[in-house]
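A.B. asks: quick one, structure for this:
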Amino acid sequence: MTLTSSAPSSCGTDAARPLAVLTVDHRAIAHNVGVLRDVAGVPVLAVVKADGFGLGMPQVARTALLAGASALGVATVDEALALRSAGIVARVLAWLADPLSDLATAIRLGVELGCSTVTLLEAIAAQAGALGITARLHLEVGTGLSRSGAHPAEWERLCRAAAEHERFGAVRVVGVWSHLARANEAHPSATASAVDALTEAAVTAADASLTPDLLHLASSGAALAHPATRFSLVRCGQGLFGIQPVDGERFDLRPVVRLTSRIVQLRRVPPETPVSYGGTYRTASHTTLALVPIGYADGIPRIAGGRAEVVVGGRRCRVVGRISMDQLIVDVGTVGTVREGDEVVLVGDPAAGEPGLGEWAQWAETIPQEIMTGFGPRVQRRHLGAARVA
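C.D. replies: Okay, the predicted model is just below:
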């Protein structure tokens with residue numbers, strides 16, 4: 001192995017580079033929206049919660065809308081208001097609220113609100129009445145997740161209370177919906193009971209004289225693999241970002257993120273050299289260790305130490321020893337040419353032999369979404385192709 005160290009040509013800002021970069025490919029986001037629309041055959045609500053899965057909520061939202069998404073979905077009222085503050089006027093649904101949320105501002109700015117309790121319904125109606133504005137609601141029924149969503153025994157009461165407020169103009173129920181618990185499973189039985197439950201809930205809503213425009217249940221996995229769940233709208237989050245949403249199935253979704261850093265130090269070491277905190281890893285032979293300035297504070301899971309691989313100079317190298325808060329160590333071996341300043345690909349395109357979010361999820365014993373939403377603020381976001389999406 002040849003080791004070389006090259007100093008930057010200048011110490012000015014023109015030569016400065018961030019230690020870690022997360023590149024967001026907006027062309028891939030647009031492609032994925034198209035795939036989801038084409039397969040589902042119904043409008044797509046693009047889920048951009050958690051700051052657009054950590055990539056930048058306004059940027060992702062604009063791309064999704066330009067690519068054909070009909071609406072946006074977020075978890076919290078604050079997220080919806082952030083979209084409005086960014087100048088986004090499209091239809092937005094926020095489904096995680098309580099009476100202490102800023103319901104008045106949400107109503108005033110036309111944010112549609114998820115509602116699954118009479119308590120929240122009364123709070124929304126009161127705020128809407130005070131403003132003289134009709135609040136737009138999506139009533140959520142539970143269909144097996146046992147999380148949010150009205151219990152079936154409370155559903156009729158919620159519908160009748162909503163209908164009463166509709167008569168006075170305080171609210172308008174524009175949607176009836178639910179979340180799926182097992183959309184990642186390919187067999188139709190995974191979603192059949194939820195489809196039946198939502199269909200029955202829609203009948204109950206109609207019996208209460210509610211006339212919602214939308215009936216929606218499907219997430220990305222259901223939109224792609226469970227036709228019966230599609231109803232009149234599909235809500236797509238992970239598929240938007242190229243994460244394969246159904247176990248054992250692959251769809252024409254493109255990876256959206258690429259995470260890179262660089263080597264800041266190289267060290268030749270003999271066999272039995274302890275590496276990182278605790279010395280839990282010792283080198284097996286003469287080798288070279290590369291220091292990479294990214295760690296668990298930046299979203300690299302500590303549990304992945306000794307398991308994960310990165311790409312240096314076109315080949316895979318293992319992360320060794322414990323991952324620190326700000327840095328990790330890679331065994332780059334004894335062959336090839338490696339320099340300080342060389343790029344390290346942590347997350348890339350699996351089709352090119354690079355680690356993907358799925359592999360990182362396996363190394364960290366979690367799911368790709370947790371990896372993706374965990375990238376910290378020190379990792380600079382770069383948006384590729386955002387202005388050119390048509």
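A.B. asks: list the contacts for L131?
C.D. replies: Residues counted as contacts of L131 (CB atoms under 8 Å, 6 or more residues apart in numbering) are A104, I107, R108. Placement of C-beta: from N, CA and C, glycine included.
A.B. asks: neighbour-wise, which of the residues you listed leads?
C.D. replies: I107 (23 neighbours; other CB atoms under 10 Å).
A.B. asks: distance of the closest residue to that one other than its chain neighbours from I323?
C.D. replies: Excluding its sequence neighbours, the residue lying closest to I107 (CB to CB, 6 or more residues apart in numbering) is A135, at 4.7 Å. When distance is defined by CB to CB, to the nearest Å, A135 is 47 Å away from I323.
A.B. asks: more crowded one of those two?
C.D. replies: A135 (29 against 25).
A.B. asks: isn't that one up against V173?
C.D. replies: No: counting by CB atoms under 8 Å, A135 sits too far from V173 to count as a contact (9.8 Å).
A.B. asks: please pick out the residue of the protein most distant from its centre.
C.D. replies: Computed with CA atoms, centre = their mean, the maximum C-alpha offset from the centroid of the chain is found at P270, amounting to 42.6 Å.
A.B. asks: that one touches T288, doesn't it?
C.D. replies: No: the pair P270 / T288 is not scored as a contact, 11.2 Å apart, by CB under 8 Å.
A.B. asks: name the element A75 belongs to?
C.D. replies: Per DSSP states H and E, A75 falls inside strand 71-76.
A.B. asks: pull that strand out as PDB, backbone CA atoms only.
C.D. replies: As requested, the backbone C-alpha atoms of strand 71-76 are provided in PDB (Å, rounded to 0.1, in the frame of the first residue of the first chain):
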ATOM      1  CA  ALA A  71     -50.800  16.500  -1.300                       C
ATOM      2  CA  LEU A  72     -48.300  16.400   1.600                       C
ATOM      3  CA  GLY A  73     -48.400  14.600   4.900                       C
ATOM      4  CA  VAL A  74     -46.600  15.400   8.100                       C
ATOM      5  CA  ALA A  75     -46.900  14.100  11.700                       C
ATOM      6  CA  THR A  76     -47.200  17.300  13.700                       C
END
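A.B. asks: buried stuff in that strand?
C.D. replies: Judged by neighbour count (16 or more other CB atoms under 10 Å), strand 71-76 contains these buried residues: A71, L72, G73, V74, A75, T76.
A.B. asks: who's in contact with it?
C.D. replies: Here strand 71-76 makes contact (CB under 8 Å, 6+ apart) with 43, 45-50, 57, 61, 64-65, 80, 83, 88, 90-97, 101, 233, 235, 237.
A.B. asks: can you map out the strands along the stretch 201-350 of the chain?
C.D. replies: If DSSP state E, counting those that start in this stretch is used as the criterion, the strands of the stretch 201-350 of the chain fall at 214-218, 233-236, 257-262, 265-269, 274-275, 281-282, 287-292, 309-312, 315-320, 328-331, 337-339, 343-347.
A.B. asks: minimum distance to L36: which of those strands has it?
C.D. replies: Closest to L36 of the strands of the stretch 201-350 of the chain, according to CB to CB: strand 233-236, at 4.9 Å.
A.B. asks: show me the contacts of strand 71-76 that map onto strands.
C.D. replies: L45, A46, V47, V92, L93, A94, W95, L96, L233, R235 (DSSP state E).
A.B. asks: counting neighbours, what do you get for the fifth one?
C.D. replies: A count of nearby residues for L93, using other CB under 10 Å, gives 26.
A.B. asks: that one against E112, yeah?
C.D. replies: Yes: judged on CB under 8 Å, L93 makes contact with E112 at a distance of 4.7 Å.
A.B. asks: mutual contacts of these two, please.
C.D. replies: Taking CB under 8 Å, 6+ apart as the contact rule, L93 and E112 both touch H138, G175.
A.B. asks: helix or strand: which one has the most centrally placed residue in the chain?
C.D. replies: A centroid search over the chain (CA atoms, centre = their mean) returns F53, at 3.2 Å, as the residue closest to the centre. In this structure, F53 is located in helix 49-54 according to DSSP H and E.
A.B. asks: tell me which strands and helices that helix is in contact with?
C.D. replies: Contact here means 3 or more CB pairs under 8 Å, 6 or more residues apart in numbering; DSSP states H and E; on that basis helix 49-54 packs against helix 57-66, strand 71-76, helix 368-373.
A.B. asks: hmm, P271 is touching T283, no?
C.D. replies: Yes: counting by CB under 8 Å, a contact exists between P271 and T283, whose distance comes to 5.7 Å.
A.B. asks: these two - which one has more neighbours?
C.D. replies: For P271 and T283, the more surrounded residue by other CB under 10 Å is T283, and the numbers stand at 18 against 10.
A.B. asks: let me see the contact set for the closest residue to the more buried one other than its chain neighbours.
C.D. replies: The shortest distance from T283 to any residue that is not its chain neighbour, by CB to CB, 6+ apart, is 4.5 Å, and that residue is T273. Remark: with contacts taken as CB under 8 Å, 6+ apart, T273 is in contact with R282, T283, L289.
A.B. asks: count the residues that sit near the residue nearest to the last one when sequence neighbours are not counted.
C.D. replies: It stands for L289. Distance criterion CB to CB, 6+ apart; nearest residue to L289, sequence neighbours excluded, is R267 at 4.8 Å. R267 is flanked by 13 other residues according to other CB under 10 Å.
A.B. asks: what's near enough to touch R267?
C.D. replies: Contact partners of R267, counting by CB under 8 Å, 6+ apart, are T288, L289, L291.
A.B. asks: nearest to G149, of the helices and strands packed on helix 49-54?
C.D. replies: Taking the helices and strands packed on helix 49-54 one by one with CB to CB, strand 71-76 is closest: 14.2 Å.
A.B. asks: and that closest one, which strands flank it?
C.D. replies: strand 44-47 (parallel), strand 92-96 (parallel) (DSSP bridges).
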